[in-house]
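Student: Build me a model from this:
(chains A and B)
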Amino acid sequence: MRRYSFARLVWQALRGNTGWQPAWRDSKLQNHYDVIIIGGGGHGLATAYYLATEYHVKNIAVLEKSWLGSGNTGRNTTNVRSDYMFPESCALYDLALKLYEKLAIDLNINIMLSQRGWMTLIHNQHQMESAYHKVNWMHCNELDGEIIDAAEVQRMLPAFNMSADARHPVLGAFLQRRGGTIRHDAVAWGYARAASGLGVDIVQHCEVVGFVKQGNRITAVETTRGTIGCQAVGVAVAGHSSVIANMAGFRLPVTSHCLQAMVSEPVRPVLNHVVLSPATGVYINQTQKGELVMGSILDLYQSYGQRGNFPAIEKTLTAVVEMFPMFAQTRLMRHWAGIVDVVPDSSPILGRTPIDNLYINCGWGTGGFKAIPAGGIVLAHSLATGQTHPLAEKFGLDRFRSNRLVDEGAAAGIAH
Amino acid sequence: MIMIRCPYCTELRTEEELVYGGEADLVRPAETSSDQEWTDYLFMRANLKGVHHEQWCCSAGCGQWFKVVRDTVSHKVLHVRKFEELPQPATEVV
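Tutor: Here you go, the predicted model:
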């Protein structure tokens, strides 16, 4: 793997950019791997990278049914933050944020991390009290978070509608200054490039269609490109986790829903932070290119249809215009959807499954992107050692049986 | 946009006028059931990709719950029926 650097950028520019190499090898499938990872999104690729770097496992394949990052990794609103409540959640999500903070150096790729501040608006006294409750929890867990007043919100968001006739008055906001955005494609590409450089086979357009089992172990994975033997299988397929689980012969407490996002045409810098309004469920930020990225609530019915629909567009845009009246003048450029894996307690499911050598990383719901580095590490730990990573112990599938749910109502601040 | 004709009030409702009630035909286990059976009933779902049996409520209309068979990828509604009716092919597919 050739390193990216300023010198190479200049050198390539002088040569008319004719000497760039593909970022990762297009691998040929082998007959057998020690570890097969299903899902070539952020979590799957991060798992492969940490297996190779932290656990020194050789002979790894990542199987992706489409192209890399074509699922939720390339469909989210790129927000990162770690403003969760329970100690186990804070530990997990803040590990992810800390790893993101040095990921550009680790992976030698510019992931464009922009810690511009994550702001959850507070519209009423109840939300104010909940926000203080969350901040107190976060401080106990040694995370940064603060409450800012309405004047500070107006200073940080000059375009925000704080007038007396605003539909949802703002009393203040919860602010995590370390929160922000990342270029999501770069995360998938960066992990893929680094993993490929370490010898991981990344195979695109290879869909898993079944498993060959011996007793309670998987001995081979059946794919659209043939049957491949393996010692262990890692599953990081987000909204399609139940599909893989059904193939392997068990069920998950997961329902798949459609989560939509949309972007406007690019405009000049007008919004410097990421803003969520719990009253409308809408979150919005502006990309470095100038597009306004807007996301909102789930379609509440089960869905595997990876596409947007008009009710969600209407709900999102009316809320955005209510929050920022001047945005009414911008035009919508694209909208899309990803399939998220929603779990009753809004916390991920990590580690063991009823199958001995199949480990899972799912259930991140609407918040998987922010957790990619941590999700990769804990799944890599399970695959390499057969044990659950200490940070993932509270997030096992068995918590539904033992009734120890990690009920993260704080997770999104809105009802998913 | 999903549109379903309520089998009770016979009005054609959009997804905005309906409430989704999840997987249909979940049977509450007997009180003598094991913890594992109870966990399965409470939490575990087939979450099928494709044809899915589910419950909807005509919440903005007559308020009745009814059963729907829908494709979870195309969102095509394949069957709609009242709870007391036996399964049969729908006469109208929206």
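
Student: hey, where'd the strands end up in the stretch 301-416 of chain A?
Tutor: Along the stretch 301-416 of chain A, counting by DSSP state E, counting those that start in this stretch, strands occupy A:332-342, A:349-352, A:358-362.

Student: as a whole number, average confidence for the shortest one?
Tutor: Within the predicted structure, the mean pLDDT of strand A:349-352 is 97.

Student: who touches it?
Tutor: With C-beta atoms under 8 Å, 6 or more residues apart in numbering or on different chains as the test, strand A:349-352 has contacts from A:252-254, A:343, A:359-363, A:375, A:378-379, A:382, A:388-389, A:392-393, A:395-398. C-beta coordinates here come from the backbone N, C-alpha and C atoms, glycine included.

Student: middle-most residue in chain A, spatially?
Tutor: A:Phe369 (1.1 Å; C-alpha atoms, centre = their mean).

Student: Pretty sure that residue sits against A:Ala186.
Tutor: No - if you go by C-beta atoms under 8 Å, A:Phe369 and A:Ala186 don't touch, sitting 12.0 Å apart.

Student: Let me know the pLDDT of A:Gly19.
Tutor: So, for A:Gly19, pLDDT stands at 88.

Student: Need the three-state assignment for A:Ala159.
Tutor: State at A:Ala159, reduced to three classes by DSSP: H, G, I helix; E, B strand; the rest coil: coil.

Student: Apart from its chain neighbours, what residue comes closest to it?
Tutor: A:Phe324 (5.0 Å; C-beta to C-beta, 6 or more residues apart in numbering or on different chains).

Student: same deal with A:Arg3?
Tutor: A:Asn108 (5.4 Å).

Student: what's around the one you found, how many residues?
Tutor: Neighbour count for A:Asn108, taken as other C-beta atoms under 10 Å in any protein chain shown: 16.

Student: was I right about it contacting A:Trp189?
Tutor: No - in this structure, A:Asn108 is not within contact of A:Trp189 by C-beta under 8 Å, at 11.4 Å.

Student: Show me where chain B has its helices.
Tutor: Under the criterion DSSP state H, helices of chain B are mapped to B:35-42.

Student: Which element, helix or strand, includes A:Gly16?
Tutor: According to DSSP states H and E, A:Gly16 maps onto no helix or strand at all.

Student: Pull the number of nearby residues for it.
Tutor: 7.

Student: same deal with A:Met85?
Tutor: Applying other C-beta under 10 Å, we find 23 other residues in the vicinity of A:Met85.

Student: what's the answer for A:Val212, then?
Tutor: 14.

Student: Next up, the contacts around it.
Tutor: Contacts for A:Val212 (C-beta under 8 Å, 6+ apart) come out as A:218-222, A:227.

Student: Which ones among those map onto strands?
Tutor: The members of those that map onto strands under DSSP state E are A:218-222, A:227.

Student: Out of those residues, who's the most crowded?
Tutor: A:Val221 leads the ones in strands among the contacts of A:Val212 on contacts (other C-beta under 10 Å) with 25 neighbours.

Student: Look up how far B:Trp38 lies from the residue of chain B most remote from its centre.
Tutor: Going by C-alpha atoms, centre = their mean, the residue of chain B most distant from its centre is B:Thr32, 27.6 Å out. According to C-beta to C-beta, to the nearest Å, B:Thr32 stands 10 Å off from B:Trp38.

Student: Compute the number of surrounding residues for the closest residue in space to A:Gly239 that isn't next to it in sequence.
Tutor: Spatial nearest neighbour of A:Gly239, excluding adjacent residues (C-beta to C-beta, 6+ apart): A:Ile339 at 2.9 Å. A:Ile339: 25 surrounding residues under other C-beta under 10 Å.

Student: can you pull up the bridge partners for A:Ile339?
Tutor: Here A:Ile339 sits in beta bridges with A:Cys258, going by DSSP bridges.

Student: wait, what's in contact with it?
Tutor: A:71-72, A:238-240, A:256-259, A:303-306.

Student: cool, and A:Thr385?
Tutor: A:Thr385 sits in contact with A:Tyr55, where contact means C-beta under 8 Å, 6+ apart.

Student: Within range of chain B, give me the residues from chain A.
Tutor: A:240, A:242-243, A:246, A:251-256, A:299-305, A:309-311, A:344, A:400-401 (C-beta under 8 Å from any C-beta of the partner chain).

Student: A:Lys58 belongs to a strand?
Tutor: No - per three-state DSSP, A:Lys58 lies outside any strand segment and is coil.

Student: From what I see, it and A:Gln30 are in contact.
Tutor: No - applying C-beta under 8 Å, one finds A:Lys58 not in contact with A:Gln30, separated by 11.7 Å.

Student: Pull up the gap between the residue nearest to the centre of chain A and A:Ser27, please.
Tutor: 25 Å.

Student: Same question for A:Arg183.
Tutor: From A:Arg183 to A:Ser27 the distance is 25 Å (C-beta to C-beta).

Student: What is the burial count for the closest residue to A:Thr280 other than its chain neighbours?
Tutor: Ranked by C-beta to C-beta, 6+ apart and with sequence neighbours excluded, the top spatial neighbour of A:Thr280 is A:Ala319, at 3.4 Å. A:Ala319: 22 surrounding residues under other C-beta under 10 Å.

Student: In contact with A:Ala319, which residues?
Tutor: A:277, A:280-282, A:296.

Student: Show me which pair in those residues is furthest apart.
Tutor: With C-beta to C-beta as the measure, no two of the contacts of A:Ala319 lie farther apart than A:Ser277 and A:Ser296, at 9.7 Å.

Student: tell me, what's touching the two both at once?
Tutor: A:283, A:319.

Student: Not counting sequence-adjacent ones, nearest residue to A:Ile244?
Tutor: Distance criterion C-beta to C-beta, 6+ apart; nearest residue to A:Ile244, sequence neighbours excluded, is A:Val235 at 5.2 Å.

Student: I figured the one you found was touching A:Ile360, is that so?
Tutor: Yes - counting by C-beta under 8 Å, A:Val235 touches A:Ile360, with 4.7 Å between them.

Student: what do those two both touch?
Tutor: A:241, A:245, A:353.

Student: which residues does the closest residue to the last one other than its chain neighbours contact?
Tutor: To tie it back to what came earlier, the one meant is A:Thr353. Among residues not flanking A:Thr353 along the chain, A:Ile360 sits closest, at 5.2 Å (C-beta to C-beta, 6+ apart). Counting by C-beta under 8 Å, 6+ apart, A:Ile360 touches A:234-236, A:241, A:245, A:252, A:349-353, A:379, A:397.

Student: Now do the contacts for B:Lys82.
Tutor: B:7-8, B:64, B:66-67.

Student: which of those count as buried?
Tutor: B:7, B:66-67 (16 or more other C-beta atoms under 10 Å in any protein chain shown).

Student: Please produce CSV containing the residues you listed, extended by distance to chain A and pLDDT.
Tutor: Shown next, in CSV, are these (distance: C-beta to the nearest C-beta, whole Å; pLDDT from 0 to 100):
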residue, distance to chain A, pLDDT
B:Pro7, 18, 95
B:Phe66, 14, 96
B:Lys67, 14, 95
